[in-house]
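In: the sequence isn't on hand, but the structure is:
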């Protein structure tokens with residue numbers, strides 16, 4: 001079932017609106033285009049991953065497994081990045 005785009009995501013627990021916007025901007029640069037609808041398992045992996053749950057994803061070829069496990073990782077990194085110092 002596809003019905004939610006990256007732009008339609010609600011605010012995950014522990015994320016500010018700024019965190020969500022930064023993740024959406026970053027992810028839409030190549031991971032998932034902003035207008036592409038997410039599969040239900042992709043959205044669920046994102047929510048559960050951000051809730052710090054251990055997860056396993058199994059699905060058929062071409063079902064978006066890669067995005068399913070990368071989105072929570074990237075979202076967490078984007079959230080943490082705002083507290084990192086500059087690279088100078």
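Out: Cool, the structure landed. Given the structure is predicted, the values throughout are model-derived calculations rather than measurements.
In: mind listing what's buried in the helix of greatest length in the chain?
Out: Within the chain, and with DSSP state H defining each element, the longest helix by residue count is helix 65-81. By neighbour count on 16 or more other C-beta atoms under 10 Å, the buried set for helix 65-81 is 65, 67-72, 74-76, 78-79. For every residue, glycine as well, the C-beta is placed using N, CA and C.
In: which outside residues touch that helix?
Out: Helix 65-81 has contacts (C-beta atoms under 8 Å, 6 or more residues apart in numbering) with 12, 14-15, 19, 22-23, 26-27, 31-32, 38-39, 41-42, 45-46, 48-50, 55, 57-59.
In: restricted to strands, list those.
Out: Using DSSP state E, the members of the contacts of helix 65-81 that fall within strands are 38-39.
In: filter the contacts of helix 65-81 down to the ones in helices?
Out: Here DSSP H is the test, and these give 19, 22-23, 26-27, 41-42, 45-46, 48-50 as lying in helices.
In: just those residues now: which is nearest residue 84?
Out: Residue 84 has its nearest neighbour among those in residue 22, at 12.7 Å by C-beta to C-beta.
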